[in-house]
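[1] Generate a structure from the sequence data that follows.
(4 chains)
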Protein chains: 2
Amino acid sequence: MDAVAILQEIAPESLSLVENRYRILAAIHALAPVGRRTLAQALGQSERSLRRELDRLKELGLLDSNHHGVFLRTEGFRLLGSLQVLIRDSHDIGSLERDLQVSLGLNRLIVVAGDSDKDSFVKTELAKAAKRYLVEVLHNGDVLAVSGGTTLSEVGQAFGPGSIGRKVTVIPARGGLGEDVNIQANSVAARLAQGLGGTYRLLHAPDTVEPAFLKTLLSEPRIRHVIALIRRADVLLHGIGTAEEMAKRRGLDEEQLMHLISEGAVGEAFGYYFDPKGSIVFATSSVGLQLEDLARIPRKIAVGGGRSKAWALLSVVSAGYCDVCITDEGAARRLMSLIKKREETENGN
Amino acid sequence: MDAVAILQEIAPESLSLVENRYRILAAIHALAPVGRRTLAQALGQSERSLRRELDRLKELGLLDSNHHGVFLRTEGFRLLGSLQVLIRDSHDIGSLERDLQVSLGLNRLIVVAGDSDKDSFVKTELAKAAKRYLVEVLHNGDVLAVSGGTTLSEVGQAFGPGSIGRKVTVIPARGGLGEDVNIQANSVAARLAQGLGGTYRLLHAPDTVEPAFLKTLLSEPRIRHVIALIRRADVLLHGIGTAEEMAKRRGLDEEQLMHLISEGAVGEAFGYYFDPKGSIVFATSSVGLQLEDLARIPRKIAVGGGRSKAWALLSVVSAGYCDVCITDEGAARRLMSLIKKREETENGN
DNA sequence: TCCCACAGAGACCAAATTCGTCCCACTATG
DNA sequence: CATAGTGGGACGAATTTGGTCTCTGTGGGA
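    Residues are numbered from 1 along each chain as shown, chains lettered A, B, ... in the order given. This is a model prediction of the structure:
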């Protein structure tokens, strides 16, 4: 019998204690050096109770503090890694992964512990998992197409300052969107290329294009070059958004958004809006990756986490347009219950 | 990194919680059905704080209660076994065993978790360990000589009502001593023989005999028969007592006891009193096992636990008259520190 | 048949701990 | 030099924990 299972049976409260301390350590690791108040806010705990835990952890020699704030000691950092697998164990994420992978019919599903909605550092873990997977599957000479978004941007940052010497070509799958430069597909492509040790191309085009201008854009040689690369990409790495969030980022007004939602759109990926069953309810007219290109790409990886994105994940995955999914526990558990409910109602009929 | 080690680092208090609950479960298992007050006394805890733990454990479905008292549910019993190895792990008893075995120059040292002085149920665990070892080493046709004492009596009780079909001959190593029939070597021999599935012989003689009467006793054919068996015993299983305790049990008066102690006696085994270095400071004149018989016996097992018996264990083991020792953590740790101190003073010279 | 010892459950008050919420001195940073 | 952020301290309220007593029920022994 596993030690964690025993603990679960005889002293479950001790496991929640450990879990909370893990969250604290992880948050500190992400934010260090950070003050009590900021940390308390990030963790959604009261300052006082957090302080007590911090004092204990300090006693245990896992962290230390100075006038900049608290930060992990090397012992704490070491422990953080061990804790991660412990938490995975205690949450039984392994079987969650397996079950959900089968239910969704994916080639591969990776779930990291935690919920991005509750803890921002989980997004970093998600990004690290994506990085590991990329490193695993990419070969020299491969073409990697990437989308934009906050999650993808994190994936880029998960690569440290150095490079790992993987000679790949990274290209943006879609055009520019919104105002934040850091989350543009172009930026992500550049960052990933640097981290991987490869080269990148930029797609100088907006994400949404009036059909009338498409032709003009496509006449541009450099754009056509990138688009040709997209069509023969070996790996596609894209984020997943809720319909609402992406509609707002695209600057759709209230009326258009209402229309989208009334059509049943819950998720978005590479410019397409999906309903829960995976049907496309709206497609942005754009240069870059088109739906028909997907079939040619052998490996399509979706990355996205947080309980709030469960519906979006469900819609995109149901479409069958991706075969690898990297998400977090919050989303995965919600997804699981959604699927169960769906099956129940289907059996009910 | 082991889960227990992680817990130790990040939440040591949770481990003491688990340990306490283990003690409670173990005590209940030994005493069930038992009332709160009796249990609190057995564990040396206040009734109130024990009640809280009992309520929690009841919530967890590990135990239940009726008007007879509390008792383990099957889940609790299952968990008890798993907990035992967990506690062993967390106390690092494996390395304690190894280190001490080397320090004492034993062929085999077995340490069970806990301290017989503090928890009576540890004695039961000690007995179970002794039973397991006996079952491991005894073969059909072997002759097993046993001493008396409370610990040995427990070993006998560790065998259930059935027998395990080991055709051995069990004999008492020494004569009768004191008033309690259950802890006589004769009783232990009978009980063990029944548990093992073998036969036994009784030694109808007192433990201490005036030298003048020895000859008379030895002329008795049945006594001579048993003594002959003792001399060719394959395994000797004996308890270990503190000098004081055994002197009292033998009815020595205050003066004789003071004399023994002034001579440095700290431990007793099969009628011989040893000082800390293992020298014999006093020997009872007796029928039964003699010192010179020991060399002929290939396997000599000493059983005894409790922090208070550390000195006694040290003295008996130092003598080199036993090669296997089964004890508990309380005694073992104390023993370890005694040995370390001794080494330090030796190095100091 | 009765009685008593021991069982669990409940109650109540004191002590300890935890928690929320301030304030304060300090220090990098702009 | 102002400011925003830091750790640390303080203090009363709230909660939890601990100690002790009582009550009722029950089963075993006289």
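
[2] how far out from the middle of the chain is the helix or strand hosting A:L50?
    If you go by DSSP states H and E, A:L50 is part of helix A:47-59. When distances are taken as Cα atoms, centre = their mean, to the nearest Å, helix A:47-59 is centred 31 Å away from the chain's centroid.

[3] cool, stretch A:87-101 as well?
    For stretch A:87-101, the distance to the chain centre is 18 Å (Cα atoms, centre = their mean).

[4] touching chain B at all, it?
    Yes - using Cβ under 8 Å from any Cβ of the partner chain, stretch A:87-101 comes into contact with chain B via A:D89. All C-beta atoms are positioned from the backbone trio N, CA, C, and that covers glycine.

[5] Next up, the contacts around A:R224.
    By Cβ atoms under 8 Å, 6 or more residues apart in numbering or on different chains, the residues touching A:R224 are A:L218.

[6] The closest residue to A:G198 other than its chain neighbours - how many residues pack around it?
    Excluding the flanking residues, the one nearest A:G198 by Cβ to Cβ, 6 or more residues apart in numbering or on different chains is A:V168, at 3.8 Å. If you count neighbours by other Cβ atoms under 10 Å in any protein chain shown, A:V168 ends up with 22.

[7] Just to check, A:S285 is in contact with A:E210?
    Yes - with contact defined as Cβ atoms under 8 Å, A:S285 reaches A:E210; the gap is 7.1 Å.

[8] ok, and what's touching the helix or strand harbouring A:L96?
    Using DSSP H and E, A:L96 sits in helix A:93-104. Identification of contacts with helix A:93-104 by Cβ under 8 Å, 6+ apart yields A:88, A:108-113, A:317-318, A:325, A:329, A:332-333, A:335-336, A:339.

[9] Now do the next helix or strand after it and helix A:93-104, the angle between them.
    Reading on from helix A:93-104 to the C-terminus, the next helix or strand found by DSSP H and E is strand A:108-112. When axes from the mean of the first three to the mean of the last three Cα atoms, to 10 degrees is applied, the directions of strand A:108-112 and helix A:93-104 differ by 140 degrees.

[10] following strand A:108-112, which helix or strand comes up?
    helix A:120-137.

[11] which helices and strands does that following helix pack with?
    When contacts are defined as 3 or more Cβ pairs under 8 Å, 6 or more residues apart in numbering or on different chains; DSSP states H and E, helix A:120-137 packs onto helix A:12-31, strand A:108-112, helix A:150-158, helix A:185-196, strand A:235-239, strand A:299-303, strand A:324-328.

[12] wait, what's in contact with the residue in chain A that DNA strand D sits nearest to?
    Closest contact between chain A and DNA strand D, by Cβ to the nearest atom of the strand, is at A:G35 (2.1 Å). A:G35 is in contact with A:G69, A:V70, counting by Cβ under 8 Å, 6+ apart.

[13] what do you get if the cut-off is 6 Å, keeping everything else the same?
    A:G69 (Cβ atoms under 6 Å, 6 or more residues apart in numbering or on different chains).

[14] what does chain A put close to DNA strand C?
    Counting by Cβ under 7 Å from any atom of the strand, the residues of chain A lying close to DNA strand C are A:S46, A:E47, A:R48, A:S49, A:R52, A:H67.

[15] Would you mind putting the residues you listed into a markdown table with pLDDT alongside?
    A markdown table is the format used below for those (pLDDT from 0 to 100):
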| residue | pLDDT |
| --- | --- |
| A:S46 | 89 |
| A:E47 | 90 |
| A:R48 | 91 |
| A:S49 | 92 |
| A:R52 | 93 |
| A:H67 | 84 |
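
[16] Out of these, grab the one that's most surrounded.
    A:E47 (14 neighbours).

[17] Which of A:S285 and A:E210 has more residues huddled nearby?
    Taking neighbours as other Cβ under 10 Å, A:S285 and A:E210 compare with A:S285 leading, 13 against 9.

[18] Without its sequence neighbours, what residue ends up closest to the more buried one?
    A:S285 sits nearest to A:P211 (Cβ to Cβ, 6+ apart), 5.1 Å away.

[19] Kindly provide the distance from that neighbour to chain B.
    Going from A:P211 to chain B by Cβ to the nearest Cβ, to the nearest Å gives 58 Å.

[20] how deep is that residue tucked in, by neighbour count?
    Residues contacting A:P211 under the criterion other Cβ under 10 Å number 8.

[21] Look at it and report its pLDDT.
    What the model reports for A:P211 is a pLDDT of 79.

[22] ok, now A:A30?
    89.

[23] Verify the stated contact: it with A:K123.
    No - the pair A:A30 / A:K123 is not scored as a contact, 9.2 Å apart, by Cβ atoms under 6 Å.

[24] In space, what's closest to the spatially most central residue of chain A - neighbours in sequence excluded?
    Geometric centre of chain A, nearest residue: A:G304, 3.0 Å, by Cα atoms, centre = their mean. Spatial nearest neighbour of A:G304, excluding adjacent residues (Cβ to Cβ, 6+ apart): A:I240 at 3.5 Å.

[25] Kindly provide the distance from the closest residue to A:G114 other than its chain neighbours to chain B.
    Closest residue to A:G114 apart from its sequence neighbours, by Cβ to Cβ, 6+ apart: A:V122 at 3.7 Å. As judged by Cβ to the nearest Cβ, A:V122 and chain B stand 19 Å apart.

[26] Can you give me the neighbour number for A:V122?
    Neighbours of A:V122 using other Cβ under 10 Å come to 24.

[27] which ones are touching it?
    A:G114, A:S116, A:D328.

[28] Would you tell me which residues of chain A are close to DNA strand D?
    Going by Cβ under 7 Å from any atom of the strand, the residues of chain A near DNA strand D are A:33-38, A:48, A:65-70.

[29] Buried subset of those as a ChimeraX selection?
    Buried residues within the residues of chain A next to DNA strand D, by 16 or more other Cβ atoms under 10 Å in any protein chain shown, are selected in ChimeraX with:
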select /A:34,65,69,70
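
[30] coming back round to it: CA atoms of the helix holding A:L50 as PDB?
    Listed next in PDB are the C-alpha coordinates belonging to helix A:47-59 (Å, rounded to 0.1, in the frame of the first residue of the first chain):
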ATOM      1  CA  GLU A  47      -2.400  37.200   5.500                       C
ATOM      2  CA  ARG A  48      -2.400  35.900   9.100                       C
ATOM      3  CA  SER A  49      -2.800  32.200   8.400                       C
ATOM      4  CA  LEU A  50      -0.300  32.400   5.600                       C
ATOM      5  CA  ARG A  51       2.100  34.000   8.000                       C
ATOM      6  CA  ARG A  52       1.900  31.100  10.400                       C
ATOM      7  CA  GLU A  53       2.700  28.700   7.600                       C
ATOM      8  CA  LEU A  54       5.500  30.800   6.400                       C
ATOM      9  CA  ASP A  55       7.000  30.800   9.900                       C
ATOM     10  CA  ARG A  56       6.700  27.100  10.100                       C
ATOM     11  CA  LEU A  57       8.300  26.700   6.700                       C
ATOM     12  CA  LYS A  58      11.100  29.000   7.800                       C
ATOM     13  CA  GLU A  59      11.600  26.900  10.900                       C
END
